[in-house]
Structure formats: C-alpha cells, structure tokens
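> output the structure for:
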Amino acid sequence: MGRNLKSDHSTGGIVYSTEHGRMCPSCNRAVDQCICSRGSSRPKGDGNVRVGRETKGRRGKGVTVITGLPLGDDELKQLARELKGLCGSGGTVKDGVVEIQGEHRDKLVKVLGERGYSVKRAGG
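Model prediction:
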C-alpha cells in the first residue's frame, strides 16, 4: 500500500507519514533521523564564557547574560536553574544564552570560574 502523507502547504514539506510518523519539514526525514537538528545550531565559541549585562528591549530593566557555555540544552537549563537559585532571581535560557534578571556579573564570574570555566566579564 502507498504511504499516507500530510503536507505543510506553507513550507511545502511533508510533516507526517504513516510509515515514519512525524517528519521534519526542512530535510523531509523522520524527526528521530533529522539531520537539521543534529549537533548544536549554536556557533562554536573561542572557549571563553562571557558574562555581560543587557538592557536593550527590556524597557530599561537589566539582565545578566551568559554566553559561550559549551553545554547541551538540558545541561544549560540545569546550570541556569542553579545560577538563578544562587542569585535569588528569575531568568531563562534562549538560543543557548542564559539570561538572569538583575545585575549579578561579579557573583556569576566567580561561581563559573570556580566550576572550571574560563570566564570573562563582558561590557563596562
């Protein structure tokens, strides 16, 4: 029998096949065999973790931003949870960048350095 296929008209890719299940619309492979999401979509850094501060797009409220962590998504979320607890504030992980609400650069540089990362304070 032929395969029953469902198509995503906006991208033109197959999104479901009765033979393989969910399909990646980009590479047209089964989701568990997708080559698009394999590996990190994040660019490889120079080996330094940078801890900076941003206010752009946050109505003047500052967040501490940690970039360059050589971790997978699950480990990154776990580390972010621990760092938020140490700082006593909220935060998130977006596109491989840890954002922690408030000004905590000095504390985070010290903590990450103690954990063995090569850390640099970014910005003024």
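> ranges for the helices of this structure?
73-87, 105-114 (DSSP state H).
> any idea which residue sits dead centre in the chain?
G96 (2.5 Å; C-alpha atoms, centre = their mean).
> so what's the backbone phi/psi at it?
The phi/psi pair for G96 (degrees, to the nearest 10) reads phi 80, psi 10.
> correct me, but it touches L76?
Yes. Contact criterion C-beta atoms under 8 Å: G96 and L76 qualify, at 6.7 Å. (Each C-beta comes from the backbone N, C-alpha and C, glycine too.)
> name the residues contacting each of the two.
By C-beta atoms under 8 Å, 6 or more residues apart in numbering, G96 and L76 have these common neighbours: L69.
> of the helices of the chain, which is nearest G21?
helix 73-87 (22.0 Å; C-beta to C-beta).
> in TSV: the helices of the chain, plus distance to S26.
Shown next, in TSV, are these (distance: least, C-beta to C-beta, whole Å):
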stretch	distance to S26
helix 73-87	19
helix 105-114	34
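> may I see those organised as JSON lines, with distance to R121 and mean neighbour count added?
Shown next, in JSON lines, are those (distance: least, C-beta to C-beta, whole Å; neighbours: other C-beta atoms under 10 Å):
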{"stretch": "helix 73-87", "distance to R121": "15", "mean neighbour count": "14"}
{"stretch": "helix 105-114", "distance to R121": "5", "mean neighbour count": "16"}
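> so which of those is nearest R22?
Across those, closest to R22 is helix 73-87 (C-beta to C-beta), at 19.0 Å.
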